[in-house]
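Enquirer: When you get a sec, could you give me coordinates for this:
(chains A and B)
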Amino acid sequence: MEQDKLRTRVFIALWSAFVVLLVYLPLACVALASVSKGRYFAFPIRAFSWEWWEKTTDSIEISMIVENSLLVAAVVTVFSVVIAFFGALAFARYDWKGRKLYQKLILLPVFFPQPVLGLALLLAYSALGITTSWMTAVFAHMVWIVPVVTLVIAIKVYGFDPSLEEAAFDLGASRVEVMTNVTLPLLWPGIWSGALFAFLLSWGNFPLSLYTAGADSTVPKWLYAKMVAGYSPMVPALGTMATLAAAAVLLGGALLGAIVKKARAA
Amino acid sequence: MTDIKDKKPILQLVGVRKTFNDFAAVEKIDLDIFEGEFFTIVGPSGSGKTTMLRMLAGMEAPSEGNITLHGERINDVPANKRPTCLVFQSLALFPHMSVGQNIEFPLKIKGVDAATRKARALELMAIVRLPASYYGKNVMKCSGGERQRVALARALAYDPEVLFFDEPLSAIDYKLKKILEKELKDLHRETGKTFIYITHSLEEAMVMSDRIGVMRAGRLIQVGTPEEIYAAPVDRFVSEFVGEVNVIELKREGEGWRGVNLPGAFRAAPPKDAPQADSTFVVVRPEFMRFLNDGEEADNTLEGVVYNEYSLGSRIQYQVRVGDKVMLVELSRSNALPAAANRNVRLGWDVRDAISVKA
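Expert: The predicted model follows:
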């Protein structure tokens, strides 16, 4: 018995380690490539250097595309959260004709191949005579991200007792006061994780930006372009930075959420 | 409270009806509720009592008819503009607020300053018997009974003229329920406010109410004091709802009555509100059904076999098989039937102890 238990535990540990390695090894390779002194990646690395990181942070071009990416992600986050919040309330809370259909329609874009979605949007823009730029990319991102955020917030709405709102209303609160005193504070964790999702999904999105950002470049778009032509270790350097930034946003966001939760519980 | 008839009606329902699509949840209800009374609406689930309460509280609008408060029509007045407050079945305490913040919520909405709010909250906590140290406690860390008290204090903070209760004690264990029932009754007396309470438990209703309204399938079938409901149920449904009873179906035969599913002729009064009826249900409470000694007679007698006895605390209930029916007899423990099991017995009851209701 004891032996069996031990074996099981060893197996679980080995398997978990294997999966983690599988997931993170490529990222580790990119990180290594970015600190290699040579222009081309060769293993084992002969000399380490921060040279390419410095070049990346000094580059005006890169600061422009990072700004673009941040701008797109920020705008997408704001709009997605607002739309998804009311959408989630509508489909999780109220029973109305067509609710089931709305639920399916709003989730469908998640499963579309993104390049096809991007192409379709590009065709639509050109048919409407709209010049593509970071603003059209914002809309494209939202087509894909709003459904995801809606789902994330809806999970919280499903667990929300509507009688809390009725009680607040019954105790004299107006609709707006019910929203600000009861609904928003209680759905806040869902809204917060929805916002993190929106930001990170937009930040890392490549296919939709490729088709719909026009002349404006974003971080993933630039990485791709430089891979195709004009590779330098600035590509893995920026890639590593972008990944670290995403991880920082995620961890920082989760930490902030936990702090707020703890402060409230006290 | 004894003379409710002298009181002014506070809430009046005239021909109130509520339909959802084609389904009528509440049918044509006329009812006056008097100022300061404890009125309980009782009914099984699906009887329309919750819908009725939601209409009174302003969370549903009636499809037909009028609801008036102090004589003014309030059909379309939303819940936040009514001087009424509902204590929800789930209690609906705000989980992100402390005990104090929950109680202060209606005061905060009214724009009362923080110091006055806190003073009032502590006052209310004393009234509902919550220790002042609970003021800053996380409401989710309170026990079931404490949460009841927080919900009650919060409702009182709104200072409503009418308080509604939607089965707030249904999920509470028996002992605590008895305590809270008593506290609620005390609170009613101390505040002098009108309480409208709904429950599926007639026992709860009997203990606390000045008057009870019994609902069934969307209709209010009887309104009266607990004594009236107990002593003169209007039909079989109400009589069975009031407690375990013997119901004997009789058909008219010449001058007398003949049993249905029970052989023999019986003596009974016709139903009060239908003296010409061909059939009647005779309701005999188990405490009025008695075992007859040899030679002892009663207006009506039956023969049967005791097959079960239950202790009800101070009393004992006997189940007696008569033909294929089961009759219930209750005796005080001091009069217990010796060697009851499988004993052949004669049962009897008098006409004056039975209630005839419409079939």
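
Enquirer: residue ranges for the strands of the stretch 1-150 of chain B, please.
Expert: Ranges of strands within the stretch 1-150 of chain B are B:9-20, B:23-34, B:38-42, B:64-69, B:72-73, B:84-87, based on DSSP state E, counting those that start in this stretch.

Enquirer: neighbouring strands for the second one, and are they parallel or not?
Expert: Using DSSP bridges, the strands paired with strand B:23-34 are strand B:9-20 (antiparallel).

Enquirer: who's in contact with the partner strand?
Expert: For strand B:9-20, the surrounding residues in contact (CB atoms under 8 Å, 6 or more residues apart in numbering or on different chains) are B:24-36, B:48, B:51-52, B:55-56, B:60, B:62-71, B:161-162, B:194, B:196. From N, CA and C alone the C-beta is placed, and that goes for glycine too.

Enquirer: Include mean pLDDT and mean neighbour count when you put the strands of the stretch 1-150 of chain B into a markdown table, please.
Expert: Shown next, in a markdown table, are those (pLDDT from 0 to 100; neighbours: other CB atoms under 10 Å in any protein chain shown):
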| stretch | mean pLDDT | mean neighbour count |
| --- | --- | --- |
| strand B:9-20 | 93 | 18 |
| strand B:23-34 | 92 | 19 |
| strand B:38-42 | 95 | 26 |
| strand B:64-69 | 94 | 17 |
| strand B:72-73 | 92 | 10 |
| strand B:84-87 | 95 | 26 |
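
Enquirer: Mind listing residues that contact stretch A:105-115?
Expert: By CB under 8 Å, 6+ apart, stretch A:105-115 touches A:87, A:91, A:117, A:143-144, A:146-148, A:150-151, A:205, A:207-208, A:210-211.

Enquirer: Alpha carbons only: can I get it in CSV?
Expert: What follows is stretch A:105-115, C-alpha atoms only, in CSV (Å, rounded to 0.1, in the frame of the first residue of the first chain):
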residue,chain,number,x,y,z
LEU,A,105,-24.5,34.2,-31.0
ILE,A,106,-22.3,36.2,-28.6
LEU,A,107,-20.1,33.2,-27.9
LEU,A,108,-19.7,32.1,-31.5
PRO,A,109,-16.9,34.5,-32.4
VAL,A,110,-14.7,32.9,-29.8
PHE,A,111,-14.6,29.7,-31.9
PHE,A,112,-14.1,31.4,-35.3
PRO,A,113,-10.5,31.0,-36.7
GLN,A,114,-9.1,34.4,-36.0
PRO,A,115,-7.4,34.8,-39.4
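
Enquirer: Quick check: mean pLDDT of stretch A:36-53?
Expert: The pLDDT scores in stretch A:36-53 average 80.

Enquirer: quick one: pLDDT of B:Lys5?
Expert: The score at B:Lys5 is 57. That number is its pLDDT.

Enquirer: For A:Leu164, see how far away the residue in chain B that chain A sits nearest to is.
Expert: Closest approach between chain B and chain A, counting by CB to the nearest CB: B:Ala92, at 3.6 Å. From B:Ala92 over to A:Leu164 the distance is 5 Å, taken as CB to CB, to the nearest Å.

Enquirer: Specify which residue of the two has the higher count of neighbours.
Expert: B:Ala92 (24 against 21; other CB atoms under 10 Å in any protein chain shown).

Enquirer: Touching, the more buried one and A:Pro162? I think so.
Expert: No: using CB atoms under 8 Å, B:Ala92 makes no contact with A:Pro162, being 9.2 Å away.

Enquirer: re the thing from before, return the closest of the contacts of stretch A:105-115 with respect to chain B.
Expert: When the contacts of stretch A:105-115 are compared against chain B (criterion: CB to the nearest CB), the nearest one is A:Phe91, at 21.1 Å.

Enquirer: What sits closest to the closest one if chain neighbours are left out?
Expert: The spatially closest residue to A:Phe91, leaving aside those adjacent along the chain, is A:Gln103, at 5.2 Å (CB to CB, 6 or more residues apart in numbering or on different chains).
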